[in-house]
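Novice: Build me a model from this:
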Amino acid sequence: MVNYYRCLIPRLNGNRIKSEFPYYLSLVKKGICGFIIFGGELEEVRRYVGRLQHEATLPLVMASDLERGLGQQLSGGTNFPPAMALGNISNKKRQKKEEAGKNLKLVRDGFRAVAEEALYAGINTIFAPVLDINTNPRNPIIATRAFGEDRETVSLLGCEMIKELQQAGVAACGKHFPGHGDTETDSHIGLPAVSQSLAFLKKHELVPFQEAVNKGVKLMMLGHLEVPAMEPSGIPVSLSEKAVSFLREKMNYRGIIITDAMNMGGIGRYSEEAASFMALEAGVDIILHPSDPDKTAEYLLKKGAAFDERRLNRFRKGLAARPVSRRPAFYRHTQLSEALTEKSITVSGDFRLKNRISLIILNDEKGRRGDVIAQSLRSRLPSMKVRTVTENKAALKIQPQDDISLVVAVFSETRGWKGGAGNWLYRHISDLKHIACLFISFGSPYLLDSVTDMPKIFAYWDSESAQKAVADIILGTVH
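Specialist: As a prediction, the model looks like this:
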């Protein structure tokens, strides 16, 4: 009898790993393939992951979304800048050859640090790199998660990340095949459509994925995407035999194929269980994030789906079977992250600000944002006025003053289920661009596309180091 638990990777809530440990252990005893880890405290997760691995007959796939390092999921890990920031550092067109080489080495060091911290936590598989080319400025879910807007940058850094992760002993996963960059829908919420021809995809979107295949990437994640050029029926490519065959036969991929999460709206009209069956029948190896693994396994057993357990077992045997004992140099990794952050910040246009500044913070996130930049600026400009604006349908009533420089800082993160930045944010940016002296994006640079002929600073994320670095840039211009 086929054991369908062996092709399932459900969610593991790191914040509740201690209290829910009996449940996770029961899944291990049923033969579960592994887990995708969300949240938790590093040492606690590490301890219980080690216990789960001890009970498994084969190394469990202990995976996590660590595009920005271990700190993205586990407290105690290091947060690194998003992919687009790293792409900006490595952009050879903007730098001398020698400088570009040094910066690329720094980026490689960052990838290696991510691998070291992951292995210490007991994570042996990272769902990265993102190999999508962000060609659509209105993309609500990729944006800063992509290394760039061109195939060369994405291919270069995607392959560098794969090399560093896998040389260190972590399995890398390219995503989201065949490319989520040219879309305007968040696949967590709905099914995005990619309308380009197959000939176009081969010349552009598919190039980073082919390069990843050539580099020996261990896993490839199929996106919940409607791609008529690859699957004319309209079903998501994550459930498509044609898409799997294209990856296997046309691109010569021999590694593990995994779906994107089954709890996402991108699976379309299908139930999670039906979509899981379709994916296995299409030739997928692993079903990611079924909400109820018991229900899914029971459904698959009833339907009699097929999957290549031998290929999956070979993959699992090559994974780290326990957390490594050597503790990473977290302090040095934090310094490395700060150095990468500072190098990534882009200043567009020349500006000089008066010593009287008014700071407007547009916050599209839950919780407070912008405290660090406000405090850093006030250290030199104690009389500076700060106003924080969250979602508000009313227009901002701000009058320009000749003796005050108005600076606008935008905080809006690219993340799943959000559906992109709120319309209110774009409306306020549009209103303020007529009276502001400087705009800053602590997130996607595309948020400021409507701001033309005005100085802008792109910081790509809102870390403490990013806010301090931007404050230093601003204070360097005050007169």
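
Novice: rest of the way, CA atoms for contacts and neighbours
Specialist: OK.

Novice: pLDDT weak spots in this protein?
Specialist: Residues of the chain that meet the criterion pLDDT under 70 lie in 92-95, 97, 393-395.

Novice: Walking through the stretch 351-479 of the chain, point out its helices one by one.
Specialist: Per DSSP state H, counting those that start in this stretch, the stretch 351-479 of the chain carries helices over the ranges 371-378, 423-432, 464-475.

Novice: Just want the angle from the shortest one to helix 464-475.
Specialist: Looking back up the chat, that one is helix 371-378. Counting by axes from the mean of the first three to the mean of the last three Cα atoms, to 10 degrees, helix 371-378 lies at 30 degrees to helix 464-475.

Novice: what sits up against stretch 48-62?
Specialist: Stretch 48-62 has contacts (Cα atoms under 8 Å, 6 or more residues apart in numbering) with 9, 17-18, 21, 24-25, 28-29, 31-37, 121-125, 313, 316-317, 319-323.

Novice: Let me see the domain layout of the chain.
Specialist: 4-332, 345-475 (automatic domain parsing).

Novice: In contact with the residue lying closest to Lys30 once chain neighbours are set aside, which residues are there?
Specialist: Leaving out its chain neighbours, the residue that sits closest to Lys30 by Cα to Cα, 6 or more residues apart in numbering is Tyr5, at 6.7 Å. Residues counted as contacts of Tyr5 (Cα under 8 Å, 6+ apart) are Leu27, Lys30, Gly31, Ile32, Cys33, Pro293, Asp294, Ala297.

Novice: rerun at 6 Å
Specialist: Gly31, Ile32, Ala297 (Cα atoms under 6 Å, 6 or more residues apart in numbering).

Novice: give the contact list for the last one.
Specialist: Spelled out, it's Ala297. Tyr4, Tyr5.

Novice: and it, backbone torsions?
Specialist: Here is the backbone geometry of Ala297 (degrees, to the nearest 10): phi -60, psi -40.

Novice: returning to what we had before: which PyMOL command selects the buried ones in the contacts of stretch 48-62?
Specialist: In PyMOL, this line selects whichever of the contacts of stretch 48-62 come out buried by 16 or more other Cα atoms under 10 Å:
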select buried, resi 9+17+21+24+25+28+31+32+33+34+35+36+37+121+122+123+124+125+316+319+320+321+322+323
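
Novice: sorry, back to before: any figure for the gap between the residue nearest to Lys30 and Gly14?
Specialist: Separation of Tyr5 from Gly14 (Cα to Cα, to the nearest Å): 21 Å.

Novice: For the closest residue to Ala121 other than its chain neighbours, what is the enclosing helix or strand?
Specialist: Take Ala121 and drop its neighbours on the chain: the residue closest to it by Cα to Cα, 6+ apart is Arg46, 4.6 Å away. According to DSSP states H and E, Arg46 maps onto helix 42-55.

Novice: residues of that helix that come out buried?
Specialist: For helix 42-55, by 16+ other Cα under 10 Å, it's Leu42, Glu44, Val45, Arg46, Arg47, Tyr48, Val49, Gly50, Leu52, Gln53.
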